[in-house]
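Novice: Requesting a structural model of the entry that follows:
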Amino acid sequence: MTGRVVEVVDVTPRHAGHDNLLLDSSLPGVPDVQVARVSAASGTQQATFAIVFAAFASQSQRRAVLKEARDHLKDVPTGLVLSNDAGRVDLDVGDASATLAFLMAAASAVLQYSWAWDESESIVVSAGTESFQFTVQFNGNHTFNATDLAAA
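Specialist: Here you go, the predicted model:
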């Protein structure tokens, strides 16, 4: 039996002035955060949203910085990475539906793999009260598959 597969496309804009297509993950007015813009689809379910990392904020300032980022992105569904380590992500999905929370969890596993250079065999994502375990595969052109092992 095969697990649920989510196709995740990193649609984070590129810096206009850079020939190397460097990502522009900044959020004007909110220092210390990186914002990934993502489109994710699984079966007939599709969503576009943001995942926010506070990698440059101190541990004591992380929640405040993440909340400020969510407030700035109020018109966009937003997942907040509370913590991330090798093979693990803790994600605040706010009041997202179960479907959106699953897509956000898959996207955060992809971003842990691609942005954090995490080569773990699988990545466990805690999203609210749910926990998922994903393997990630790069498909080219900023596209990845995240397979939910728990559904296998």
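Novice: hey, let's count contacts and neighbours off CA atoms from now on
Specialist: OK.
Novice: Flag every buried residue along the longest helix seen in the chain.
Specialist: For the chain, the longest helix by residue count, based on DSSP state H, is helix 98-114. Neighbour-count burial for helix 98-114, counted by 16 or more other Cα atoms under 10 Å, picks out 100-114.
Novice: Point out the least confident one among these.
Specialist: Least confident by pLDDT among the buried residues of helix 98-114: that is residue 114, with 90.
Novice: gap between that residue and residue 144?
Specialist: Look at residue 114 and residue 144: by Cα to Cα, to the nearest Å, they are 9 Å apart.
Novice: where exactly do the helices run in the protein?
Specialist: 62-72, 98-114.
Novice: who's in contact with the most centrally placed residue in the chain?
Specialist: By Cα atoms, centre = their mean, the chain has its centre lying nearest to residue 108, at 2.8 Å. Applying Cα atoms under 8 Å, 6 or more residues apart in numbering to residue 108 gives the contacts 51, 81, 89, 91, 125.
Novice: again, only this time at 7 Å
Specialist: Applying Cα atoms under 7 Å, 6 or more residues apart in numbering, one finds that residue 108 lies in contact with residue 51.
Novice: Number of residues surrounding the closest residue to residue 12 other than its chain neighbours?
Specialist: Using Cα to Cα, 6 or more residues apart in numbering and skipping the chain neighbours, the partner closest in space to residue 12 is residue 37 (4.5 Å). Around residue 37 there are 20 other residues, counting by other Cα atoms under 10 Å.
Novice: now do residue 117
Specialist: Neighbours of residue 117 (other Cα under 10 Å): 11.
Novice: What is the burial count for the residue lying closest to residue 106 once chain neighbours are set aside?
Specialist: Nearest non-adjacent residue to residue 106, counting by Cα to Cα, 6+ apart: residue 146, 5.8 Å away. When neighbours are defined as other Cα under 10 Å, residue 146 has 28 of them.
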